[in-house]
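Trainee: Build me a model:
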Amino acid sequence: MKPEYFDAQLTPLGWQQVDNLRKHVHECGLSKRIELVLTSPLLRTLQTAVGVFGGEGYKDGMDVLPLMVENAGNSERPSISSLNCPPIIAVELCREHLGVHPCDSRRNISNYQFLFPAVNFSLIETDEDVLWEADVRETTEEVAARGMKFMNWLWTRKEKEIAIVTHNGFLFHTLNALGNDCHPSMKKEMSTHFANCELRSMIIVDRSMTGTDLSTTDYPGRIPPGPDLPSDVADEKEA
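Mentor: Presented below is the predicted three-dimensional model:
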């Protein structure tokens, strides 16, 4: 609740975790597969997104904009280049649980555009933060509904390998709602709280595409034809 935590930035430990995750995504080859990065427009997620998925250090004279300027958010970090990295887009829908907590309020977009010149903020409609309220906290149902709206929008993207940089509370309530049609054990695994800077890979399949030639999933063998029973129903049939 402290006002000095307004739009909280990464701590030195947070930047160390970002550096470790960056090393991991490069060593495992994930950095070469990611087509798009979507991020919440809060300082700590913007710093995480550019720190993990951005290019190498930015140098004056480069013919591209930096993803992050030097010392953005009092980070004492050098500039980050936008060369050879996927596009990064800020999306308002995947912000943290809204209201009351100053750390979950954002700055004006014009402020972020100065700090993160190559990040795309065009999907955010208002410069000022009109979603966060000082005396009203979103209900968990409202967070989940916003999360499902985000997931439905995600289906409209043409990219298939997408990194989403967002928040623990938002992920917990969104994945909990998304898992309502899953076996309880799967739902529990999906919605387990995230640790700081934790990365989980998930493949989301539209079951309505089962057995059709119109499938747009990135699974090379496509989805096999025939019934695709929920796992709890399959367990009952085996019993």
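
Trainee: Can you tell me the SS state at Glu4?
Mentor: Judged by DSSP: H, G, I helix; E, B strand; the rest coil, the three-state class of Glu4 is helix.

Trainee: pLDDT at it, what is it?
Mentor: Per-residue confidence at Glu4 stands at 93 (pLDDT).

Trainee: same check, this time on the one 10 residues further on
Mentor: In the predicted model, Gly14 carries a pLDDT score of 91.

Trainee: One more: the one 3 residues further on?
Mentor: We note a pLDDT of 93 for Gln17 in this prediction.

Trainee: Check which helix or strand it maps to.
Mentor: Per DSSP states H and E, Gln17 falls inside helix 12-27.

Trainee: Worst mean pLDDT across the helices and strands of the protein, which element?
Mentor: In the chain, the helix or strand scored least confidently by mean pLDDT, DSSP states H and E is helix 231-238, which has a mean of 48.

Trainee: Please enumerate the helices of this structure.
Mentor: Under the criterion DSSP state H, the chain contains helices at 12-27, 30-33, 43-53, 109-115, 140-154, 168-178, 184-190, 231-238.

Trainee: which residues sit against the second one?
Mentor: So that's helix 30-33. By C-beta atoms under 8 Å, 6 or more residues apart in numbering, the residues outside helix 30-33 that reach it are 24-25, 53, 85, 161, 201. All C-beta spots, glycine's among them, are computed from the backbone N, C-alpha and C.

Trainee: now swap in the fourth one and tell me
Mentor: Contacts made with helix 109-115 from outside it, assessed by C-beta under 8 Å, 6+ apart, are listed as 41, 43, 46, 68-69, 72-73, 90, 106, 119, 121, 124, 126-127.

Trainee: ok, now with 7 Å
Mentor: If you take C-beta atoms under 7 Å, 6 or more residues apart in numbering as the criterion, helix 109-115 is touched by 41, 46, 68-69, 72-73, 121, 124, 127.

Trainee: Show me what the helix holding Gln17 is packed against.
Mentor: When contacts are defined as 3 or more C-beta pairs under 7 Å, 6 or more residues apart in numbering; DSSP states H and E, helix 12-27 sits against helix 43-53.

Trainee: Which other helices and strands does the helix it packs on contact?
Mentor: Using 3+ C-beta pairs under 7 Å, 6+ apart as the test, helix 43-53 ends up in contact with helix 12-27, strand 36-39, strand 88-90, strand 162-165.

Trainee: For Glu141, which of the ones you listed is the nearest?
Mentor: With respect to Glu141, and counting by C-beta to C-beta, the nearest of the helices and strands packed on helix 43-53 is strand 162-165 at 21.3 Å.

Trainee: buried set for that closest one?
Mentor: Neighbour counts using 16 or more other C-beta atoms under 10 Å place 163-165 of strand 162-165 among the buried residues.

Trainee: quick one: low-confidence ranges for this structure?
Mentor: Counting by pLDDT under 70, the ranges of the chain that qualify are 206-239.

Trainee: and if we set it to 50?
Mentor: Scanning the chain for pLDDT under 50 picks out the ranges 212-224, 226, 228-235, 238-239.

Trainee: about what we covered before: could you dump the contacts of helix 30-33 to CSV with distance to Leu13 and neighbour count?
Mentor: Converted to CSV, those look like this (distance: C-beta to C-beta, whole Å; neighbours: other C-beta atoms under 10 Å):
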residue, distance to Leu13, neighbour count
His24, 17, 14
Val25, 19, 17
Phe53, 20, 25
Cys85, 24, 19
Glu161, 29, 13
Ser201, 24, 8
